[in-house]
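**Q** Just need the structure, nothing else, for what follows:
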Amino acid sequence: MSFLELARKRYSCRKFTDKLVEQDKINDILEAGRLAPTAVNYQSQRVFVIQGKESLEKLKTVTPYHFDAPIAFLICYDSTLSWKNPFNNFDEGVVDASIVTTHMMLEVADLGLGSTWVGYFDQKLASETFNLPQNIIPVAILPVGYPNKEPSPMHNKRNELSQTVKYL
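**A** Okay, here's the model as predicted:
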């Protein structure tokens, strides 16, 4: 499958079956994140695998958007390692974690699984709930599982390039 075919295939899955995701697929998803580019190759991403009844119940206290997935990934960055842009002192760890999450989402789709990017969660509560050190900054939650439903008709609704791209 070409990259554009994969990009078209991926959609935000919000309903999963109860089937557990196999460890080899989990490993492939994590490997896709590991291979993602990061600023200055500092690799500040830190990925936490949320699985098992107790951990998944904790996730439900952090966000209502867990979708009862059988596994989720909490993608973070280490602020002591991430590159700081000298022009504006912006912490590029947010971007690094976002790139890592995107790579993981695409691998999820390639494996025939579903996911959705969750940004609606209390970062402070996530840190407390999962006992993260202060320098580990949560960016995204990625619930993953076997899809239990077809994508929404909204999935294929995209603006034309002329609406989003300008040549300078």
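
**Q** other SSEs contacting the longest helix that the chain contains?
**A** When the chain is scanned for its longest helix (criterion: DSSP state H), the result is helix 93-110. With contacts taken as 3 or more C-beta pairs under 8 Å, 6 or more residues apart in numbering; DSSP states H and E, helix 93-110 sits against helix 3-9, helix 23-34, strand 45-51, strand 71-78, strand 114-115, strand 136-145. Every residue, glycine included, has its C-beta placed from N, CA and C.

**Q** Return the mean pLDDT over that helix, rounded to an integer.
**A** Computed over helix 93-110, the mean pLDDT rounds to 98.

**Q** what's next to that helix, contact-wise?
**A** 1, 6-7, 9-11, 28-33, 35-39, 42-45, 47, 73, 75-79, 81-83, 114-115, 117, 137, 139-140, 142, 144 (C-beta atoms under 8 Å, 6 or more residues apart in numbering).

**Q** tell me how far it is from the chain's mean position?
**A** Going by C-alpha atoms, centre = their mean, to the nearest Å, the spacing between the C-alpha centre of helix 93-110 and its chain's C-alpha centre is 5 Å.

**Q** Going through the contacts of helix 93-110, which ones are buried?
**A** Buried members of the contacts of helix 93-110, scored by 16 or more other C-beta atoms under 10 Å, are 10-11, 28-30, 32-33, 36, 38-39, 43-45, 47, 73, 75-79, 81-83, 114-115, 117, 137, 139-140, 142, 144.
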